[in-house]
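>>> I would like the atomic coordinates for the input below:
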Amino acid sequence: MAQKHKQNIFYVLFKTYLKFFHDKVFYKKVYRIGSENVPEEGNPMIVVSNHQNCLNDPLGLIFSFTDRKPHILTRADVIEYNWFTNKFLRSVGLLPTFRMNFDGEESLSKNKGTFSESEDALIDGNTIIMFPEGMHQDKHWLGNFTTGFTKMAFESAEKDNFQTEVFIQPACNHYSNYFGIQNEMIIKFGTPISIAPFYELYKTKPRTAQRQVIALAHEQINNLMLNITDIDNYKAIDFIRSIYGRHYAISNSLDANYFPNMLESDKLLFANLEKAKAENCDSVLNIYNKALQYKQELKSQGIGDTEVMLDTSLMQIVANILSLIVFLPIWIVSLWPNILIFNASNIFMKNIKDKMFEGTIRYTLSVMATIPITYILTFVLTFHFVNGWVAFFYICVLPALAIFAWNYWQFAKRTFRMLKHKRMAFEKRKDLSQTRKEIIESLDNVLGIAK
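Numbers count the residues shown, from 1 in each chain. Okay, here's the model as predicted:
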């Protein structure tokens, strides 16, 4: 019988606060798919997932569970990066794990206590979250798995004399963009793997049992996520996704405005590109090279593919500028305190070499420091100079103003890119448009898309 675990009210309130800003402000939309596959709360379960976006990955999983307080094992250097991340990550259940390649052999002894505590919690019916790649990637790519999660699962079962069924729950994370805010995110759960059928094998051949479970988990996660295995051509393939992905989705009768459909379409696109490359390698590689040249030309001109594709009329650009002027007063109002919240994280990110930490620092610093401080200050000042009801209303609309401020700025940048494109020489615009057309037509041809 699964054992229910009561959550501390302060943890529930803190988690609700964090989830609100994560799901409603930091991200435009969070899709949680396959939650019905997850075993009932109280069953010992290790959630294993791909790892591409540092803190954002475990947070997406934590907020997917309403009836659990998962323990999360993650890289020690992430948790101990600075005071803010240390306090925050430990408060939501993250525990440090040390790795020989990164933390030194002498640090491995520190894992004994963490693993022993986690194994006891697991056999007591709790949930552990682990990222078996060992470190986050900076690509839509799945690395090899370490044995840590299977070692913990089997050793936990062994502590209980193999009387308890332990589950491995495969999951994946996927993002429309790794950087900035108001992007879309998917958390997708696969079919739980019971390791009970492997208990007898483990008793005599523990490594074989672990390898078989690892293979099953790796296969599921590979099928759930976008795994671009052609690393040599990754930049070209990823760029092709951005300029061709919607067209390809629509060609396959998928709603391109529904992000989970785009994940499935991108998986199919990569699979068919690999198939086409196997049949006609030179043609596909030529497309990749042309796509990269087109990308470089866009960068040199300071515009994006959208500007070339739409070739927006001057009238539409003028309409955009008028809209910016009309909403400018609201944007100016929305800058407080959001300009402080947005830019405070930029200061911390200046000396960070790993760009995948951007989302971690931006979210962590905001919810742990800048949002509470500036919101409280705003409430106090408004209460003092106006009244309590206005102060309360102002605080309630601040998250909406943050979203407006961000989207206004993104709209302004798109408008100025349109203007920059329109001011280019006609022949240059024509060349870019023709290059884009040739890439799309070549892709249609090698992928067998009907005209």
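
>>> burial of residue 331, as a residue count?
Other residues within reach of residue 331, judged by other CB atoms under 10 Å, total 17. The C-beta positions use only the backbone N, C-alpha and C, and glycine is treated the same way.

>>> meant to ask about residue 375
So residue 375, with other CB under 10 Å, has 16 neighbours.

>>> Return the set of buried residues in the helix or strand where it lies.
According to DSSP states H and E, residue 375 maps onto helix 371-385. For helix 371-385, the neighbour count (16 or more other CB atoms under 10 Å) marks 371, 374-375, 378-379, 382-383 as buried.

>>> would you turn those residues into CSV with distance to residue 305 and pLDDT?
Shown next, in CSV, are those (distance: CB to CB, whole Å; pLDDT from 0 to 100):
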residue, distance to residue 305, pLDDT
371, 34, 95
374, 36, 95
375, 38, 96
378, 39, 95
379, 43, 95
382, 44, 95
383, 48, 95
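
>>> can you list the residues that contact the helix holding residue 375?
For helix 371-385, contacts defined as CB atoms under 8 Å, 6 or more residues apart in numbering pick out 21, 336-337, 340-341, 390-392, 394-395, 398.

>>> Which helix or strand lies directly C-terminal to it?
helix 388-423.

>>> tell me which residues in the following helix or strand past that next one are buried?
Toward the C-terminus, helix 388-423 is succeeded by helix 426-447 as the next helix or strand (DSSP H and E). Buried residues in helix 426-447, defined by neighbour count with 16+ other CB under 10 Å: 429, 432, 435-436, 439-440, 442-444, 446-447.

>>> How far off centre is stretch 204-214?
31 Å (CA atoms, centre = their mean, to the nearest Å).

>>> let's have the chain start at 6 instead
Yep, numbering from 6; the last one is stretch 209-219 now.

>>> Could you confirm residue 133 falls within a strand?
Yes: residue state for residue 133 (DSSP: H, G, I helix; E, B strand; the rest coil) corresponds to a strand.

>>> Name the residues linked to it by a beta bridge.
residue 51, residue 76 (DSSP bridges).

>>> From residue 68, how far off is it?
As judged by CB to CB, to the nearest Å, residue 133 and residue 68 stand 17 Å apart.

>>> Direction included, what does the longest strand belonging to the chain pair up with?
When the chain is parsed with DSSP state E, its longest strand is strand 172-180. As defined by DSSP bridges, the strand partners of strand 172-180 come to strand 50-54 (parallel), strand 188-194 (antiparallel), strand 198-199 (antiparallel).

>>> can you put those strands in a markdown table and add mean neighbour count?
What follows is those, written out as a markdown table (neighbours: other CB atoms under 10 Å):
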| stretch | mean neighbour count |
| --- | --- |
| strand 50-54 | 27 |
| strand 188-194 | 21 |
| strand 198-199 | 17 |
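
>>> Now do the helices in the stretch 6-155 of the chain.
14-25, 61-67, 81-84, 88-96, 105-108, 116-128, 153-164 (DSSP state H, counting those that start in this stretch).

>>> do you know how far the residue lying closest to residue 306 once chain neighbours are set aside is from residue 276?
Nearest residue to residue 306 in three dimensions, chain neighbours excluded: residue 429, at 6.7 Å (CB to CB, 6 or more residues apart in numbering). Noted for residue 429: a distance of 37 Å to residue 276, by CB to CB.

>>> Settle it for me: which of the two has more neighbours?
residue 429 (17 against 11).

>>> pLDDT at that one, what is it?
Looking at residue 429, its pLDDT is 94.

>>> And residue 229, by the same measure?
97.

>>> Can you verify my assumption that it contacts residue 174?
No: with contact defined as CB atoms under 8 Å, residue 229 does not count as touching residue 174 (11.5 Å).

>>> Residue 57: what's it in contact with?
Counted by CB under 8 Å, 6+ apart, residue 57 has contacts 141-146, 178, 180, 183, 361.

>>> And residue 206, by the same measure?
213-214, 217.

>>> Among these, name the ones in helices.
213-214, 217 (DSSP state H).

>>> To what extent is residue 222 buried, counted in neighbours?
23.

>>> gap between it and residue 136?
In terms of CB to CB, residue 222 sits 12 Å off from residue 136.

>>> three-state assignment of residue 234?
Per three-state DSSP, residue 234 ends up coil.
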